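Student: Have a look; sequence and predicted model below, questions after that.
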Amino acid sequence: MKKKKSFIIACGGTGGHLSPGIALAQRLTARGYHCTLLLSRKKIDSRLSEKYTDLDFVRISGCAFGLKPIKLIKFFYNLVLSVFASLFLFLRRRPAAFVSFGGFLTIGSAIASKLLFIPVVLHEANRVPGKSVRFMSGMAARVYLPPGVRLSGARRFATRSAGFPVREEMRALDKAASRQKFELPQTGKLLMVFGGSQGAHRLNEWAKSIVPEMLGLGVSMMVITGPEQKTDFSQVPTKNEETGACAKFIPFCDDMASALSAADLIVSRAGAGSLAEFVACCAPAVLVPYPLAADNHQLANAEFFREKGAGVLIEEKNLDTLTPEVKAIILDDELLGRFRDNIRRMQREFDWSNVVNDLVNFAEGRSRTLKSEQA
């Protein structure tokens, strides 16, 4: 029997890297290809990947780069381990291409790919490309960038525009059914606070402070706190008997499509993966970019979202304006409707089918090969 052609996808380290890797693997698997996804040893990778038992996950060494001596030693030690582990894996699987979504897990595998003359394909989701993508762009046969973004280190013929891959289940669902899943009121407004796959302490503290006021207005709340959150919600009221509004505090959510579909408004950080899921589920958002994100890329992401009329941007230094802004938006049905209309128009820009088609055409020899472009 003819062996399936395969791809190796490096996507571990954060939910923002892992989710698009899973999405791409789902599409390629449906087209008859075998995909191996490289994960880090972090808990977030285990928690998200265990839901997808039909996919092939392999854990590999990796460590973020740092200039302090101990961090530098750990980085190079893990880099060497990663190169050798990747070499053995690639020799066994013989992939048509190595696909990377960036992050610290990528570099060792990319080096192994080059040593074995396996094409390297990069996908950058943020409006400001990350360090690993910038570092590897010169060796890549393909670099997929968000619409309108340019990368000076990448060869012009190798770059393509592409949206952010979202998992098959990420789509707008019935609001009533979605709220029922979380045992939330069927009537009234719902505000969701989401700090990303690992949570956001400042947003959790803000959410804790406004629960009584929002419940009093008849606005229910769902706060996805993150699995290692340090905010104590034990003394926070969970229901207002007069208005019927309630509050839910969830450490981790593995059904984000239902959570986003249940909500009328999201307060969130501005990771590229989160924004792509908001667009897929047609969810307006008030974005509070993480100010210490590398190269301040979350601010650039949030500015793009705001410019498209999909929501509002509030920088963390102006957090005192967040409460009045959220109250004004969530009680304004006309404004929420305009946001949703603009998000529907954005959905074309977030299309990423060209990534799948490009890889399939290459694997089947129906287009100029990535190897010849990389030579």
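Tutor: Thanks, I have the structure now.

Student: Give me the local confidence score for the residue nearest to Leu173 when sequence neighbours are not counted.
Tutor: Using C-beta to C-beta, 6 or more residues apart in numbering and skipping residues adjacent in sequence, the residue nearest Leu173 is Ser261, 4.0 Å away. Every C-beta, even on glycine, is put in place using the N, C-alpha and C of the backbone. On the pLDDT scale, Ser261 is placed at 97.

Student: Show me what the stretch of helix or strand Ser261 belongs to is packed up against.
Tutor: Element membership for Ser261 (DSSP states H and E) is helix 256-262. Helix 256-262 sits against helix 175-181, strand 189-194, strand 219-224, helix 272-280, with contacts defined as 3 or more C-beta pairs under 8 Å, 6 or more residues apart in numbering; DSSP states H and E.

Student: again, only this time at 6 Å
Tutor: Judged by 3 or more C-beta pairs under 6 Å, 6 or more residues apart in numbering; DSSP states H and E, helix 256-262 is in contact with helix 175-181.

Student: Do a quick rundown of the strands in the stretch 1-150 of the chain.
Tutor: Using DSSP state E, counting those that start in this stretch, the strands of the stretch 1-150 of the chain run over 6-10, 34-39, 56-59, 97-100, 120-123, 142-145.

Student: Could you do the stretch 151-300 of the chain as well?
Tutor: 159-161, 189-194, 219-224, 247-250, 265-268, 285-287.

Student: what's the closest of these to Phe350?
Tutor: Phe350 lies closest, by C-beta to C-beta, to one member of the strands of the stretch 151-300 of the chain: strand 159-161, at 10.9 Å.

Student: same question for the closest one, mean pLDDT?
Tutor: The model assigns strand 159-161 a mean pLDDT of 91.

Student: That strand pairs with which strands, parallel or anti?
Tutor: When sheet partners are counted by DSSP bridges, strand 159-161 sits next to strand 142-145 (parallel).

Student: how about the strand it pairs with as CSV, C-alpha atoms only?
Tutor: The C-alpha trace of strand 142-145 is given here as CSV (Å, rounded to 0.1, in the frame of the first residue of the first chain):
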residue,chain,number,x,y,z
ARG,A,142,7.4,30.0,2.0
VAL,A,143,6.6,32.8,4.5
TYR,A,144,2.9,33.4,5.1
LEU,A,145,2.2,36.9,6.6
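
Student: Looking at it now, give me its mean pLDDT.
Tutor: In this model, strand 142-145 has a mean pLDDT of 93.

Student: Mind listing residues that contact it?
Tutor: By C-beta atoms under 6 Å, 6 or more residues apart in numbering, the residues outside strand 142-145 that reach it are Val121, Leu122, His123, Glu124, Ser137, Ala154, Ala158, Thr159, Arg160, Ala162, Val355.

Student: Buried ones in it, by neighbour count?
Tutor: Neighbour-count burial for strand 142-145 flags Arg142, Val143, Tyr144, Leu145 (criterion: 16 or more other C-beta atoms under 10 Å).

Student: And for stretch 24-37?
Tutor: Buried positions in stretch 24-37, judged by neighbour count with 16+ other C-beta under 10 Å: Leu24, Ala25, Gln26, Arg27, Leu28, Thr29, Tyr33, His34, Cys35, Thr36, Leu37.

Student: what's the most distant pair in the residues you listed?
Tutor: Going by C-beta to C-beta, the pair spanning those furthest: Arg27 and Thr36, at 15.1 Å.

Student: ranges for the helices of the protein?
Tutor: Assigned by DSSP state H, the helices in the chain fall at 15-30, 43-49, 69-93, 106-115, 131-136, 175-181, 201-216, 256-262, 272-280, 297-307, 322-330, 333-346, 353-363, 370-374.

Student: JSON lines for these, including distance to Gly188?
Tutor: Converted to JSON lines, the helices of the chain look like this (distance: least, C-beta to C-beta, whole Å):
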{"stretch": "helix 15-30", "distance to Gly188": "29"}
{"stretch": "helix 43-49", "distance to Gly188": "31"}
{"stretch": "helix 69-93", "distance to Gly188": "48"}
{"stretch": "helix 106-115", "distance to Gly188": "45"}
{"stretch": "helix 131-136", "distance to Gly188": "43"}
{"stretch": "helix 175-181", "distance to Gly188": "10"}
{"stretch": "helix 201-216", "distance to Gly188": "10"}
{"stretch": "helix 256-262", "distance to Gly188": "12"}
{"stretch": "helix 272-280", "distance to Gly188": "21"}
{"stretch": "helix 297-307", "distance to Gly188": "26"}
{"stretch": "helix 322-330", "distance to Gly188": "10"}
{"stretch": "helix 333-346", "distance to Gly188": "12"}
{"stretch": "helix 353-363", "distance to Gly188": "38"}
{"stretch": "helix 370-374", "distance to Gly188": "52"}
